[in-house]
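Colleague: Quick one, structure for this:
(2 chains)
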Amino acid sequence: DAMVIQNPRYQVTQFGKPVTLSCSQTLNHNVMYWYQQKSSQAPKLLFHYYDKDFNNEADTPDNFQSRRPNTSFCFLDIRSPGLGDAAMYLCATSRAGGNTDTQYFGPGTRLTVL
Amino acid sequence: GEDVEQSLFLSVREGDSSVINCTYTDSSSTYLYWYKQEPGAGLQLLTYIFSNMDMKQDQRLTVLLNKKDKHLSLRIADTQTGDSAIYFCAGEAGTALIFGKGTTLSVSS
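Modeller: Numbering: from 1, shown residues only, chains lettered A, B, ... in the order given. Next comes the predicted model:
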């Protein structure tokens, strides 16, 4: 049973054309995360939501925004994608935040910027 | 902040044991994790170990933790071709997971 679902699995956009990636979860977890993983690199946290509270990592570019309209869904908006934003984007969830809760990852969306 | 280091490649023959090593800098993680990533896929949680434990065994997987040396290892017994993937260790930094760059495990038959 899918628990963390990401759509689409593959997304192609043009340089500068806004794009939205989607994540949904059936776990009823409080926390949802977005990670960026560039080729041959470790995943890097962009931001996370604890319920409706948005928490941005200090070095996340302003070009990246997020929305969480309800518990189940979280969106990653890239306002003006550059070639350097091509990456795998991973959504994860955990029951609660902090360092005692396991994060469960979706399959990822691979973004290509032309 | 937390820094996590892993060797990048490991090649083994089917049936052998694989040992993937990881070192970390920050001792504050309550748990340390191993994730598996198959080509083109997301991260799959394999196992994790509570920081007060030295060892955890889960079927073919054995995790060893040496807190003094800040060293974590993952042993896969009887490695199969289906184990070929990238393995990430991860520690905690507040809410974030800090991942190593991943060890690519190649299993030949």
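Colleague: Now do the strands in the chain.
Modeller: Just so you know, I chose chain A. Applying DSSP state E to chain A gives strands spanning A:4-7, A:10-13, A:19-25, A:31-37, A:44-50, A:53-56, A:64-67, A:73-78, A:87-94, A:104-105, A:109-113.
Colleague: Chain B is the one I meant
Modeller: Assigned by DSSP E, the strands in chain B fall at B:4-6, B:9-13, B:18-24, B:31-37, B:43-50, B:55-58, B:61-66, B:71-76, B:85-93, B:96-99, B:103-108.
Colleague: Pick the most buried one from those.
Modeller: Among the strands of chain B, strand B:96-99 has the highest mean neighbour count (mean count of other Cβ atoms under 10 Å in any protein chain shown), at a mean of 26. Where C-beta positions appear, they are placed from N, C-alpha and C, glycine not excepted.
Colleague: What's the mean pLDDT across that one?
Modeller: Summarised as a single mean, pLDDT over strand B:96-99 is 87.
Colleague: Now it - C-alpha only, CSV.
Modeller: As requested, C-alpha coordinates have been extracted for strand B:96-99 and formatted as CSV (Å, rounded to 0.1, in the frame of the first residue of the first chain):
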residue,chain,number,x,y,z
ALA,B,96,16.5,17.2,9.4
LEU,B,97,18.2,14.0,8.4
ILE,B,98,21.8,14.6,7.4
PHE,B,99,22.8,12.0,4.8
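Colleague: how about that strand, does it reach chain A?
Modeller: Yes. Strand B:96-99 is in contact with chain A by Cβ under 8 Å from any Cβ of the partner chain, via B:96-99.
Colleague: Verify the stated contact: A:Phe105 with A:Ile5.
Modeller: No. Applying Cβ atoms under 8 Å as the test, A:Phe105 and A:Ile5 come out as separate, 11.2 Å apart.
Colleague: out of those two, which sits in the more crowded spot?
Modeller: Neighbours were counted for A:Phe105 and for A:Ile5 using other Cβ atoms under 10 Å in any protein chain shown; A:Phe105 has more, 23 against 16.
Colleague: If you rank every helix and strand of chain A by mean pLDDT, what lands last?
Modeller: Every helix and strand of chain A was ranked by mean pLDDT, DSSP states H and E. The lowest is strand A:104-105, at a mean of 90.
Colleague: Please list the residues outside that strand that contact it.
Modeller: The contact list for strand A:104-105 (Cβ atoms under 8 Å, 6 or more residues apart in numbering or on different chains) reads A:3-4, A:27, A:29, A:35, A:90-94, B:35, B:42-45.
Colleague: what's near enough to touch B:Leu105?
Modeller: Here B:Leu105 is in contact with B:10-12, B:18, B:20, B:76, B:79, B:83-87 (Cβ under 8 Å, 6+ apart).
Colleague: Can you give me the neighbour number for B:Pro39?
Modeller: Residues contacting B:Pro39 under the criterion other Cβ under 10 Å number 7.
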